[in-house]
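Enquirer: Here's my sequence, what's the structure:
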Amino acid sequence: MSTTTENEWLRQVTVLGVGLLGGSVALSLRRALPQTRLVGLARNPEKQHFLASSGMVDVTAGTISEACEQSDAVVVASPVDRIAEMVISAAASSPADCLITDVGSTKRQIVASVGEDPTASRKFIAAHPIAGSEKSGPENASGSLFDEKLVVVTPTETTCPQLLQKAHQFWRLTGGQTYEMTPTEHDTHLAAISHMPHLVSALVAKIASPEALPLAGSGWRDITRVAAGDPTLWAAICRENRAAIGSELKQFAEELERLRQILHHADDAALHQWLTEAKKIKEQSS
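Expert: Predicted structure coming up:
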């Protein structure tokens, strides 16, 4: 954890999109930096009341410009298809040395779109905390959500080294452990480890017959847990990372056909080997 002196630049932090992830950013910073002023964007009176009564933020603002005008850091926690435009809006109304970062689970298109705006590009360090839940909304936020979780930071060749250092420091203050890769590398790997598996989880849920559902046990519930995620959010993720997800689904279909052939030919030895290979991969990730 950084020292108090190193954190003095974070006098005010704005969260644009105070839901599960944005709310968890606010709560984790509340824990690490109790003196830092937290501002949340909330246009809905009901949400303004909830955020004020929960103490998640110190003050709410109804517009991006109002929320960002005095902030040292801004976190954009909206659905991925809205992040770039919100980053550009935040950049136009925030101080010159403001850090703008995000929580989006896709990176390449966001970084490319922000890169078309010189002001936003100078302030933006894209990030993705590998943490979350099938639940949504600020009522499910947690100050410990990012503890010991990986936060991928995706700078570009034009990123300012001093700003990149601030981004690493910021995300470590949330409890996360930062790791760098390019936006393209991020999207390729996340398609394999997150985006395609989400669709497979949804597929398992979708093909279950009503007659079978009363027999569902913990295994089925574990496999289908993420299928309960917000369809609008996940449709946006799939649009943003369509090519990489398509490539992973092709590989999935090929492996599924291999498994089907093993079962069709009653090759028990090959089936045992196939299951053993999968078990080893799972154990290596634990």
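
Enquirer: I believe residue 136 is in a helix; please confirm or correct that.
Expert: No - counting by DSSP: H, G, I helix; E, B strand; the rest coil, one finds residue 136 to be coil, located in no helix.

Enquirer: Tell me how far it lies from residue 22.
Expert: 11 Å (C-beta to C-beta, to the nearest Å). C-beta: built from backbone N, CA, C; applies to glycine.

Enquirer: okay, these two: which has more neighbours?
Expert: residue 22 (25 against 17; other C-beta atoms under 10 Å).

Enquirer: nearest residue to the more buried one other than its sequence neighbours?
Expert: Spatially, and ignoring its direct neighbours in sequence, residue 22 is nearest to residue 77 (3.2 Å; C-beta to C-beta, 6 or more residues apart in numbering).

Enquirer: Count the residues that sit near the one you found.
Expert: Residue 77, neighbours per other C-beta under 10 Å, totals 25.

Enquirer: backbone phi and psi for it, please?
Expert: Phi and psi for residue 77, reported as degrees, to the nearest 10, are phi -120, psi 50.

Enquirer: Now do the contacts for it.
Expert: 15-19, 21-22, 25, 102-103 (C-beta atoms under 8 Å, 6 or more residues apart in numbering).

Enquirer: List the contacts of stretch 19-33.
Expert: 1, 7, 10, 13, 15-16, 18, 36, 38, 40, 55-57, 75, 77, 103, 129, 131-133, 135-138, 140-147, 173-175.

Enquirer: ends of stretch 137-145, how far apart?
Expert: End-to-end distance of stretch 137-145 (C-alpha to C-alpha, to the nearest Å): 14 Å.

Enquirer: so how far is that stretch off the chain centroid?
Expert: Its chain's C-alpha centre lies 13 Å from the corresponding centre of stretch 137-145 when counted by C-alpha atoms, centre = their mean, to the nearest Å.

Enquirer: Please work out which residues outside that stretch touch it.
Expert: Around stretch 137-145, the neighbours that count as contacts under C-beta under 8 Å, 6+ apart are 18-24, 26-28, 30-31, 47, 50-51, 54, 56, 129, 131-133, 175.

Enquirer: Can you go through these and name the buried ones?
Expert: Among these, those scoring as buried are 18-24, 26-28, 30, 47, 50-51, 56, 129, 131-133, 175 (criterion: 16 or more other C-beta atoms under 10 Å).

Enquirer: Please flag which of these sit within strands.
Expert: When DSSP state E defines the strands, the subset of the buried ones among the contacts of stretch 137-145 inside them is residue 129.

Enquirer: quick one, domains of this protein?
Expert: Domain segmentation of the chain under automatic domain parsing yields 5-181, 186-285.

Enquirer: Quick check: what element follows the helix or strand of the chain with the lowest mean pLDDT along the chain?
Expert: None of the helices or strands of the chain scores lower by mean pLDDT, DSSP states H and E than helix 45-54, at a mean of 88. Going down the chain from helix 45-54, the next helix or strand is strand 59-61, by DSSP states H and E.

Enquirer: tell me which strands and helices that following strand is in contact with?
Expert: Judged by 3 or more C-beta pairs under 8 Å, 6 or more residues apart in numbering; DSSP states H and E, strand 59-61 is in contact with strand 37-41, helix 45-54.

Enquirer: Endpoints of stretch 214-226, how far apart?
Expert: So stretch 214-226: terminal residues 19 Å apart, C-alpha to C-alpha.

Enquirer: List the contacts of that stretch.
Expert: Here stretch 214-226 has contacts from 134, 197-198, 201-202, 204-205, 208, using C-beta under 8 Å, 6+ apart.

Enquirer: if we can go back for a sec, deepest-packed of the helices and strands packed on strand 59-61, please.
Expert: strand 37-41 (a mean of 23; mean count of other C-beta atoms under 10 Å).

Enquirer: just the angle between that strand and helix 45-54, please?
Expert: 160 degrees (axes from the mean of the first three to the mean of the last three C-alpha atoms, to 10 degrees).
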